[in-house]
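A.B. asks: Generate a structure from the sequence data that follows.
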Amino acid sequence: MMKGLRSKGFAVVLMVALMWSVVVPMVSAEEQAKVINYISLGDSLAAGVTSDGELGDGYSDMVSAALNEKHLLGSFTKEFAYPGLTSQQVLETLDNPNLQEKLKSANVVTISSGANDFLNNVTMTENGPQFDMKKLIEIMYGVQTNLGQTIEAIHTINPTIDVYVMGYYFPYPHLLEKDKEPFIKLSKGLNQVLASAAAESGATYVSVFNEFGTDAKDLLPNPQNVHPNKEGYTKMTEAFLAAWEKNQHQTPPVYTDLPKDHWAFKEIMYLSELGMLKGKWEGEFQPSAGMTRAEAAMALVRLSGEGDIDLTDPGYSDVPKDHPAYPAIATLKSKGVFAEAPKFNPNQIITRAELSKVLVRGLEIPHNTSVVVPFPDVPSNHWGAEYIHTLSSYGIVKGYNDGEFKPRMTITRAEFSVMAYRLLQMN
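C.D. replies: Numbers count the residues shown, from 1 in each chain. Reported below is the predicted structural model:
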């Protein structure tokens with residue numbers, strides 16, 4: 001991770017490769033079928049660089065130890081993980097014949113990739129880190145493309161392997177609060193790219209941003225080093241194990257009201273299997289039912305890969321703290337997605353215009369003003385024109401056969417699924 005901020009002493013770490021180790025516990029025939037051969041790929045987080053700049057036990061070492069305690073570990077290696085690797089260089093490690101052979105017999109791989117693409121464009125100054133924003137779109141596109149190709153290449157070598165993409169924490173907790181905001185947005189943006197690439201490529205995204213928060217000086221104690229200490233790596237380990245445990249017990253949903261020839265079947269099942277959408281009732285998705293404001297808020301938070309951090313009461317009298325959508329609504333309210341009002345109306349069906357605003361603001365989609373809004377019923381002075389315009393220009397929303405957008409019409413759960421699916425496919 002983060003080549004541009006590490007000391008020259010890290011050059012030595014680049015030459016370190018750990019030997020392939022095998023643990024053969026005494027297990028039953030049933031347990032033997034569950035034995036895990038684990039490979040950790042990626043940058044310095046995958047290699048285990050610590051807050052003091054030394055190569056030690058990182059999250060992958062702790063994951064292997066936890067699996068070993070469960071008598072599930074067959075083998076583990078992080079010998080192909082190196083500090084400083086960009087997403088392109090992580091992809092290039094798959095050209096190594098030795099790695100290819102080990103991937104063939106592995107069944108779990110974790111990837112830490114993408115942070116150096118950003119941080120190689122960070123310059124440390126007397127006033128703190130500075131980022132070249134002109135390169136942002138190019139960097140994001142490169143990370144998403146390279147990570148997607150990395151996962152695809154791994155699945156080409158071993159179609160049945162489970163791939164986990166590790167998210168990143170906020171690396172600058174020692175900055176003054178007034179200087180943090182642009183880097184918080186960059187961190188969240190990187191994680192959204194990683195989550196999208198993972199979802200599109202059939203991998204599992206492991207979020208760690210919320211586990212650290214934006215003031216984790218206790219987990220990142222060295223202001224001159226962006227790597228975590230043992231406690232920080234423990235947080236990452238716990239996040240991975242939670243995602244892994246969830247996958248062990250997760251089965252694809254079956255909806256009795258969703259035939260395979262339904263026009264949105266592919267999109268609904270894709271999002272359901274990722275856990276981003278859930279059935280309305282037990283065994284039913286209810287694709288034609290309206291999407292409530294509360295459901296849209298919860299789905300949007302899952303889609304963004306964000307969660308609740310230091311929640312502030314949104315102040316809606318009809319959204320008590322025990323409401324299932326309270327964390328999502330509070331999170332989005334703090335981001336300015338939802339406006340100040342006495343009530344939120346969580347059970348009210350959201351309209352096409354309202355959802356357009358929520359998606360653009362909640363996912364921080366760059367406004368595209370180069371194309372004229374093609375809908376005759378959305379004039380330029382319509383309150384939702386800029387949001388509808390943006391989504392339309394990216395192909396996320398489309399009009400009806402009569403050419404109108406119908407901004408006041410409510411959104412169904414199937415329509416929301418198609419829009420969310422298109423967002424995940426967007427580069």
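
A.B. asks: only C-alpha atoms for contact and neighbour calcs from this point on.
C.D. replies: Will do.

A.B. asks: And Val90, which helix or strand is it part of?
C.D. replies: Using DSSP states H and E, Val90 sits in helix 87-92.

A.B. asks: Run through who's touching that helix.
C.D. replies: The contact list for helix 87-92 (Cα atoms under 8 Å, 6 or more residues apart in numbering) reads 41-43, 113-114, 116-117, 142-143, 146-147, 149-150.

A.B. asks: Which two among the residues you listed are spaced furthest apart?
C.D. replies: Pairwise distances among the contacts of helix 87-92 were taken by Cα to Cα; the largest, 18.1 Å, belongs to Leu41 and Gly142.

A.B. asks: Now do the buried residues in the top helix by length along the chain.
C.D. replies: Secondary structure of the chain per DSSP state H: the longest helix is helix 177-201. By neighbour count on 16 or more other Cα atoms under 10 Å, the buried set for helix 177-201 is 180, 183-184, 186-201.

A.B. asks: Check stretch 413-427 too.
C.D. replies: Applying a neighbour-count criterion of 16+ other Cα under 10 Å, one finds 413-424 buried in stretch 413-427.

A.B. asks: who does the longest helix of the chain touch, helix- and strand-wise?
C.D. replies: Judged by 3 or more Cα pairs under 8 Å, 6 or more residues apart in numbering; DSSP states H and E, the packing partners of helix 177-201 are helix 136-157, strand 162-166, strand 204-206, helix 413-425.

A.B. asks: Take those and write them to a markdown table, including distance to Glu340 and mean pLDDT.
C.D. replies: As requested, these are exported to a markdown table (distance: least, Cα to Cα, whole Å; pLDDT from 0 to 100):
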| stretch | distance to Glu340 | mean pLDDT |
| --- | --- | --- |
| helix 136-157 | 32 | 91 |
| strand 162-166 | 35 | 96 |
| strand 204-206 | 32 | 94 |
| helix 413-425 | 24 | 90 |
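
A.B. asks: Quick one: closest of these to Ser356.
C.D. replies: Of all the helices and strands packed on helix 177-201, it is helix 413-425 that lies closest to Ser356, at 9.8 Å by Cα to Cα.

A.B. asks: now the angle between helix 177-201 and that closest one, please.
C.D. replies: Counting by axes from the mean of the first three to the mean of the last three Cα atoms, to 10 degrees, helix 413-425 lies at 110 degrees to helix 177-201.

A.B. asks: Pull the distance from helix 413-425 to the chain's centre.
C.D. replies: The chain centroid and the centroid of helix 413-425 are separated by 17 Å, computed with Cα atoms, centre = their mean, to the nearest Å.

A.B. asks: same thing with stretch 134-146?
C.D. replies: On Cα atoms, centre = their mean, the centre of stretch 134-146 falls 15 Å from the chain's centre.
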